[in-house]
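> please find the sequence and the predicted model below.
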Amino acid sequence: MEISYATSSIVDAVSDASGERPVKVLPLLHPSLSSFRRPSAPFFSRWVSSLREMSSLEWMELFLPCTRWIRTYNWREFLQADLMAGVTVGIMLVPQAMSYAKLAGLHPIYGLYSSFVPIFVYSIFGSSRQLAIGPVALVSLLVSNVLSKIVDSSDKLYTELAILLAFMVGVLECLMGLFRLGWLIRFVSHSVISGFTTASAIVIALSQAKYFLGYNIERSSKIVPLIRSIIAGASDFKWPPFVMGSFILGILLLMKELGKTKKNLRMLRAAGPLTAVLLGTSFVKIFHPSSISLVGDVPQGLPKFSVPREFQHAKSLISTAVLITGVAIMESVGIAKALAAKHGYELDSNQELFGLGVANICGSFFYSYPTTGSFSRSAVNHESGAKTGLSGITMGIIMGCALLFMTPLFRDIPQCVLAAIVVSAVMGLVEHKEAFFLWRVDKRDFFLWIVTCFTTLMFGIEIGVLVGVAFSLAFVIHESANPHVAVLGRLPGTTVYRNILQYPEAYTYNGIVVVRVDAPIYFANTSYIKERLREYEVDISGSIKRGPDVERIHFVIIEMSPVTYVDSSAIQALKELHQEYKSRGIQIIIANPNREVHLSLFKSGLLDILGKEWCFVRVHDAVQVCLQRVQKLHGLVRNNSDQTPRKQLSFLQSLWKQGEEANSYTEPLLSEKDV
């Protein structure tokens, strides 16, 4: 590699001409044409090479993640905990599954079917050991919202489309997992997700009002039609379902709260739905109230194999399938990663997506509608001590037993009880505390939360998500196109340069501007950066100035350590800025570029235009050279009238200073009078 020591040579020349002490500058190693790294192998070739190097065990773990915990399973320590957790969540899942199926506009049996095959499949192909999958409220609402616009829920086609939707969601999740596209969801802000789930929870709760009030209300994902329908049917209000539903809801909320706050009563949280079902069914068996609607007959037996049909409607379901897939990434993968971190094992989000996809595809062949990870059930699974995927297999066995032997008992479950289970579950999704937190911390995120929540309530789920994502991307683009650019000053007694707005004690030098760009420089932000540089050339307000008393700027030093990338537009903008500055007698200086940026500047010829001697390792090196050059240009000698006396060092500071001076690899800190 050719190494340029032009930086040192200019320093020596300046020092000799001015008769001042030599300035020690770390030489920057410039690349040569022969030092360029050979083009790396294409992505496909590297991928094939990595696959060839995989062992048979690694292949097995790739396709069957369950082998990771099976190989190391500690039967004595894990078995009892997994069985107890599986039984606990399984008991909780049975009434919840029926409730969510009703929310989706389906017969309760399809909630049980959706909680059977997908659980077994996910236990084999899923990488999370604590995630509990099955029907969830938000996905059920999405299913109901889109299918009710196509066909009436009493029609057989409605069920067929729900099953087809599960197949489509599974395919999308598998494709996203295989092509490693899980990163796409990072562009959706957490505040958007929070606002969306809050609005969806309110809509879900209102949609269940018909079971409490005793009369039908309009099926909609918008709050205005729901409220209008509730008010319009007030004359048909019935007291018995309202009293029973409210009573059951109160018990559920009480048991949930006790389970969350009292460690010795945490089982109450999982036992709440079962308790509600037992109380409601017992009341119906004893008093036979005619005004309370019941679930009715539930088919007995395991689901049979059936291929999804009605593919001619697939086009109208694509947008909803994409939305449900997005919800799966936001909810399931987020929960799974959090649980994996708590239990000390690694989780690949793309492999997790693939596992969810396989579970949905297989479930669609056994009358399942879309499923994903449940926050509440996963939390109970974790709190119950689940160690491995065996807890999920136990849940599946519990569900199989319910389908085989318990469905005759489900016919007398009051509809208002299932509605109360749904309402108690979604109340935890109303994140009003998050809104207050965002208001205190970041007004922009609070704005995103409000906009997403309002549009979801007023215009429906799809519009709400699109508006929220659009605003998230708009903020990302705005931040990228308007990066943070800071003027740096030197901290007294050090060679460290920091933002003068953050450190008011930092001082700048007359005739020199040090600027740091805290972002990649590319076509979208070059104009903004050039404008800021021109502003700093004219005025640097709020800084303490030292050094020679000159009237204009001679040097602009760009600290490039935060700049991870420059494109051709950025290089062209720097060339134009150089020509503009050159006409006014101003020199651009580059400090501390990383390797990739350095290579880009070299290959583009920008370093030759600026002069390789004006590229430095450290900002302080550049400032020293520029300061002496300013003195030379104006024929000035050092003016110490603005310097403060050296402070008396304490004993510990003296030892520290001696230790630094003894280190041959570190330049001693320069005193203010020597700069």
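It's in. Treat the numbers as computed from the prediction; the structure is a model and nothing was measured.

> and what about Ser221, helix, strand or coil?
Each residue gets one of three states, and Ser221 gets coil by DSSP: H, G, I helix; E, B strand; the rest coil.

> what do you get for Ser194?
Secondary structure of Ser194, reduced to three states by three-state DSSP: helix.

> quick one: it and Ile251, what's the gap?
Counting by C-beta to C-beta, to the nearest Å, the gap from Ser194 to Ile251 is 28 Å. All C-beta spots, glycine's among them, are computed from the backbone N, C-alpha and C.

> and what of His190?
33 Å.

> neighbour count: Ser194 and Ile251, which is higher?
Neighbour count, other C-beta atoms under 10 Å: between Ser194 and Ile251, Ser194 has more, with 25 against 16.

> find me the pLDDT at the closest residue to Tyr509 other than its chain neighbours, would you?
Computed as C-beta to C-beta, 6 or more residues apart in numbering, the closest residue to Tyr509 that is not its neighbour in sequence is Gly547, at 3.8 Å. Gly547 carries a pLDDT value of 73.

> where along the stretch 501-650 of the chain do the helices fall?
With helices called from DSSP state H, counting those that start in this stretch, the stretch 501-650 of the chain shows them at 526-538, 568-582, 595-603, 606-610, 619-633.

> for Val476, find the nearest of those helices.
Each of those was scored for nearness to Val476 using C-beta to C-beta, and the closest is helix 526-538 (15.2 Å).

> tell me the angle the closest one makes with helix 568-582.
With axes from the mean of the first three to the mean of the last three C-alpha atoms, to 10 degrees as the criterion, the two stretches helix 526-538 and helix 568-582 enclose an angle of 20 degrees.

> what does helix 526-538 contact?
With C-beta atoms under 8 Å, 6 or more residues apart in numbering as the contact definition, helix 526-538 has outside contacts at 481-483, 485, 487, 513, 515, 517, 521, 553, 556, 569-570, 573, 576-577, 586.

> show me these that map onto strands.
If you go by DSSP state E, the contacts of helix 526-538 have Val485, Val487, Val513, Val515, Val517, Val556 in strands.

> what's the mean pLDDT across stretch 155-167?
Here the average pLDDT along stretch 155-167 is 95.

> which residues sit in contact with Phe471?
Listed by C-beta under 8 Å, 6+ apart, the contact partners of Phe471 are Val192, Phe447, Leu448, Val451, Thr452.

> likewise Phe410?
Neighbouring residues of Phe410 by C-beta under 8 Å, 6+ apart: Met98, Pro108, Val295, Val298.

> count the neighbours of the second one for me.
Residues within reach of Pro108, counting by other C-beta under 10 Å, total 24.

> shouldn't it be in contact with Val298?
Yes - with the criterion set as C-beta atoms under 8 Å, Pro108 and Val298 qualify as a contacting pair; they are 6.1 Å apart.

> run the chain-centre distance for stretch 564-583.
Average the C-alpha atoms of stretch 564-583, do the same for its chain, and the two points are 34 Å apart (C-alpha atoms, centre = their mean, to the nearest Å).

> quick one on the thing from earlier: of the contacts of helix 526-538, just the buried ones, ChimeraX syntax please.
To isolate the buried subset of these in ChimeraX, counting by 16 or more other C-beta atoms under 10 Å, use the following:
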select :483,485,487,513,515,517,521,553,556,570,573,577,586
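
> so which residue is dead centre in this protein?
Note on the chain: the residue nearest the mean C-alpha position is Arg186, at 4.6 Å, using C-alpha atoms, centre = their mean.

> look up how far Tyr122 lies from the closest residue to Val117 other than its chain neighbours.
On the basis of C-beta to C-beta, 6+ apart, the spatially nearest residue to Val117 that is not a chain neighbour turns out to be Phe366, at 4.4 Å. Counting by C-beta to C-beta, the separation of Phe366 from Tyr122 is 13 Å.

> tell me where the stretch 351-500 of the chain has helices.
In the stretch 351-500 of the chain, the segments counted as helices under DSSP H, counting those that start in this stretch are 375-383, 390-401, 415-426, 432-441, 443-459, 461-481.

> do you know how far Val538 is from Arg532?
11 Å.

> who has more neighbours, those two?
In this comparison of Val538 against Arg532, neighbours counted by other C-beta under 10 Å, the higher total goes to Arg532 at 19 against 8.

> quick one: low-confidence parts of the stretch 551-675 of the chain?
Across the stretch 551-675 of the chain, residues meeting the criterion (pLDDT under 70) sit at 634-675.

> what ranges does the stretch 101-250 of the chain have for its strands?
133-134 (DSSP state E, counting those that start in this stretch).

> now the helices for it?
When assigned using DSSP H, counting those that start in this stretch, the helices of the stretch 101-250 of the chain occupy the ranges 108-114, 117-125, 137-147, 156-178, 190-207, 209-213, 223-232, 239-261.

> quick one: closest of these to Val619.
Taking C-beta to C-beta as the criterion, Val619 comes closest to helix 190-207 out of the helices of the stretch 101-250 of the chain, the separation being 35.4 Å.

> tell me where the model's unsure across the stretch 401-550 of the chain.
Applying pLDDT under 70 to the predicted model, the residue ranges of the stretch 401-550 of the chain that meet it are 539-543.

> what number of residues are in the vicinity of Ala338?
By the criterion of other C-beta under 10 Å, Ala338 has 17 neighbours.

> element containing it, please.
helix 334-343 (DSSP states H and E).

> buried residues, that helix. List them.
Of all the residues in helix 334-343, those buried under the rule 16+ other C-beta under 10 Å are Gly334, Ile335, Ala336, Lys337, Ala338, Leu339, Ala340.

> widest-spaced pair of these?
Of all pairs drawn from these, the widest gap by C-beta to C-beta lies between Gly334 and Ala340 and measures 10.9 Å.

> returning to what we had before: Ala474: which of the helices of the stretch 501-650 of the chain is closest?
Closest of those to Ala474 is helix 526-538, at 16.0 Å (criterion: C-beta to C-beta).

> contact partners for the spatially closest residue to Val284 that is not a sequence neighbour?
When the adjacent residues along the chain are set aside, Val284 lies closest to Asp412, with 4.9 Å between them (C-beta to C-beta, 6+ apart). With contact set as C-beta under 8 Å, 6+ apart, Asp412 has these partners: Thr281, Val284, Lys285, Leu294, Val295.

> try it again at 6 Å.
With contacts taken as C-beta atoms under 6 Å, 6 or more residues apart in numbering, Asp412 has the following neighbours: Thr281, Val284, Leu294.

> how far away is it from Leu278?
Between Asp412 and Leu278 the computed distance is 11 Å (C-beta to C-beta).

> what is the neighbour count of the residue lying closest to Tyr73 once chain neighbours are set aside?
Once flanking residues are discounted, Tyr73 sits nearest to Thr388: 6.4 Å by C-beta to C-beta, 6+ apart. Burial measure for Thr388: 23 neighbouring residues, criterion other C-beta under 10 Å.

> wait, doesn't Thr388 sit right on Trp69?
Yes - the criterion here is C-beta atoms under 6 Å, and Thr388 meets it with Trp69 at 4.2 Å.

> so what sits against both of these two?
What both Thr388 and Trp69 touch, as defined by C-beta under 6 Å, 6+ apart, is the set Arg129.

> nearest spatial neighbour of Glu346, chain-adjacent residues omitted?
The shortest distance from Glu346 to any residue other than its chain neighbours is 6.8 Å, reached at Ala340 (C-beta to C-beta, 6+ apart).

> tell me how far that neighbour lies from Leu181.
Plainly put, Ala340 is 20 Å away from Leu181 if you go by C-beta to C-beta.
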